[in-house]
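Q: with the input below, show me the fold.
(one chain, ligands or ions: 3)
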Amino acid sequence: MSLLVQKYGGTSVGDPDRIRAVADHVARSARGGTEVVVVVSAMGRSTDELLRLASEVSSSQPPRELDMLLTAGERISMALMCMALADVGVEAVSFTGSQAGIITDTTHTKAKILEIRADRLRDALAAGKVPVVAGFQGVSTERDVTTLGRGGSDTTAVALAAALGAGACEIYTDVPGVFSADPRLVPEARKLARLSFEEMLDIAASGGRVLSLRSVEFARNHHVPLHVRSSFTWEPGTWVEEEDPSMEQAVVTAVTHDVSEAKVTVSGVPDRPGVAARLFRALADRHVNVDTIVQNTSVEGTTDISFTVPRDDLEGSLDTARGLMEELGAREVTADEGIAKVSLIGAGMRSNPGVSATMFETLAANGVNIEMISTSSIRISCVVRADLVEVAVGALHRAFDLAG
Ligand code: ADP
Ligand code: ASP
Ligand code: MG
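A: Ligands and ions are numbered 1, 2, ... in the order given. Here you go, the predicted structure:
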């Protein structure tokens, strides 16, 4: 029998009606002769509410306790989902991440999955039951409850699909698929029928939060096809799978934006070997995900290094950089929270020069100044002022004719 993992995001299980609608759909899939494993997110914005509660109670928020708190959101969803499934005649059984055998490292609030011991899920399936797993969580090698970072339920779903050998992983969300830009920002954005893992990786990495980056990495590494679709319309959505070399690739597929980062600048550092190594090793040791890095040409033996980091990591990054000022011989460490990043993604960029020139011209024509630039073989990203990012996304979407 074929096996499918279905993941339902926060809006998809946001209220009792939504939970019952999802239960109906799961029941239909299960009766259609497919084995189904369900992964649920916390209802609506409840993770944000738990975070707010934590910040009202405590300024220190020990990460172990924060994880314990946040995993409660997904527990509520899984239990309610099983109850709704019981009402429609489906025998379902809920599992926390720990019960589902999701073993992680010990990095609280952004733990990495090390191993999945899915025996209990296999047993439940063999007994004809539908396992409903709480997303976004696991248990560490030290036996503490951990979370996988924001958006982590996608990762739970893909990891389970890989471990159980599922034919595909369906990600049900509040939009009908992956679009050529965030449809909330660009109403004329086009739904993409299929995308390669490579393109989706760059979309996720550059702010297209419809899938978490880790989940796409997992899917690519374990060859799990993803189907991103709507739990409101249930229509076919976007397939993310291996690149088909026989298909002609669009030069530009999507434009993404990211307002979740901040910029740190370390000024006046001596231009000698080892400075960048020391700084970025210290940041890596704090598990900071550094994104764009720019180093200026040196003037009189000193230079400036700027880099972007997730806003949540800004304080830690500043602490780290300021702690190293004396050792590095730096003059100043400053932060800038008013930045955003806009990116173009397309596999066809590899063989089509001129995309960056058109991008820069479009931004210039719209009065958007570029502060940092970074490129990969299928992506160009520019850091711009945050208040101009919507203008930039709209202009680029039009300039590259992405509405089709
Ligand atoms: P869920 O709670 O289901 O995980 P998310 O909020 O994490 O949902 O992701 C879905 C959201 O991603 C959409 O509501 C949409 O605003 C946003 N999004 C950003 N970029 C894109 C894109 N290129 N295509 C589709 N959705 C996008
Ligand atoms: N509930 C978690 C979050 O809001 C995980 C998820 O929904 O994927 O980030
Ligand atoms: Mg999500």
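Q: helices of this protein, start to end?
A: Remark: helices assigned in the chain by DSSP state H are 16-31, 46-57, 63-87, 119-126, 153-164, 197-205, 213-222, 275-285, 314-323, 325-328, 355-365, 389-399.
Q: quick one: contacts of the fourth one?
A: If I follow you right, that is helix 119-126. Outside helix 119-126, the residues that touch it by Cβ atoms under 8 Å, 6 or more residues apart in numbering are 3, 35, 37, 93, 95, 99-101, 130-131, 133, 160, 164. (Glycine included, C-beta is placed from N, CA and C.)
Q: what sits against the residue of the stretch 151-300 of the chain found nearest ligand 3?
A: Nearest to ligand 3 in the stretch 151-300 of the chain, going by Cβ to the ion, is Gly151, at a distance of 4.2 Å. Taking Cβ under 8 Å, 6+ apart as the criterion, Gly151 is in contact with Arg209, Leu211, Ser212, Ser215.
Q: would you agree Thr308 is in contact with Thr292?
A: Yes: contact criterion Cβ atoms under 8 Å: Thr308 and Thr292 qualify, at 4.8 Å.
Q: find residues that contact each of the two.
A: What both Thr308 and Thr292 touch, as defined by Cβ under 8 Å, 6+ apart, is the set Lys341, Met372, Val383.
Q: what residues does the protein put near ligand 3?
A: Within reach of ligand 3 by Cβ under 5 Å from the ion, the chain has these residues: Gly9, Gly151.
Q: roughly how far apart are the nearest residue to Asp336 once chain neighbours are set aside and ligand 1?
A: Nearest in space to Asp336, with sequence neighbours left out and distances taken as Cβ to Cβ, 6 or more residues apart in numbering, is Lys263 at 4.3 Å. Lys263 sits 22 Å away from ligand 1, going by Cβ to the nearest ligand atom, to the nearest Å.
Q: what's the burial count for the closest residue to ligand 1 within the chain?
A: For the chain, the residue closest to ligand 1 is Gly9, as judged by Cβ to the nearest ligand atom, at 1.8 Å. Neighbour count for Gly9, taken as other Cβ atoms under 10 Å: 24.
Q: hmm, back to that, now the shared contacts of Thr308 and Thr292 as CSV including pLDDT and distance to ligand 2?
A: Below are those laid out as CSV (pLDDT from 0 to 100; distance: Cβ to the nearest ligand atom, whole Å):
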residue, pLDDT, distance to ligand 2
Lys341, 98, 20
Met372, 94, 27
Val383, 97, 25
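Q: quick check, Asn289 in contact with Arg311.
A: No: between Asn289 and Arg311 there is no contact, the gap being 11.6 Å when judged by Cβ under 8 Å.
Q: now do the contacts for Leu402.
A: Shown in contact with Leu402 (Cβ under 8 Å, 6+ apart): Ser180, Ala181, Ala189, Arg190, Val252, Thr253, Ala254, Val255.
Q: quick one: the first one and Ala250 touch, right?
A: Spelled out, that is Ser180. No: with contact defined as Cβ under 8 Å, Ser180 does not count as touching Ala250 (9.3 Å).
Q: quick one: which of those two has more around it?
A: Ser180 (25 against 20).
Q: once you drop chain neighbours, what's closest to that one?
A: Ser180's closest residue in space is Leu402 (Cβ to Cβ, 6+ apart), at 4.0 Å.
Q: and the gap between the one you found and Val175?
A: 16 Å (Cβ to Cβ, to the nearest Å).
Q: again, but for Met68
A: 32 Å.
Q: more neighbours, those two?
A: Shown here are Met68 and Val175; by other Cβ under 10 Å, Val175 has more neighbours (21 against 16).
Q: up against ligand 2, what does this structure have?
A: Where the chain comes near ligand 2, counting by Cβ under 6 Å from any ligand atom, the residues are 9-10, 41-42, 47, 73, 135-136, 150-154.
Q: give me the buried subset of those.
A: 9-10, 41-42, 47, 73, 135-136, 150-154 (16 or more other Cβ atoms under 10 Å).
Q: residue boundaries of the strands in the stretch 151-300 of the chain?
A: 168-173, 194-196, 226-230, 238-241, 254-258, 261-270, 293-295 (DSSP state E, counting those that start in this stretch).
Q: of these, which is nearest Ala335?
A: strand 261-270 (5.7 Å; Cβ to Cβ).
Q: which other helices and strands does the closest one contact?
A: strand 302-310, helix 314-323, helix 325-328, strand 332-336, strand 339-345 (3 or more Cβ pairs under 8 Å, 6 or more residues apart in numbering; DSSP states H and E).
Q: so which of these is the most packed in?
A: Across the helices and strands packed on strand 261-270, averaging neighbours per residue (mean count of other Cβ atoms under 10 Å) puts strand 339-345 on top, at a mean of 26.
Q: and the angle from it to strand 261-270?
A: 100 degrees (axes from the mean of the first three to the mean of the last three Cα atoms, to 10 degrees).
Q: any idea of the angle strand 339-345 forms with strand 302-310?
A: Using the same axes, to 10 degrees: strand 339-345 against strand 302-310 is 80 degrees.
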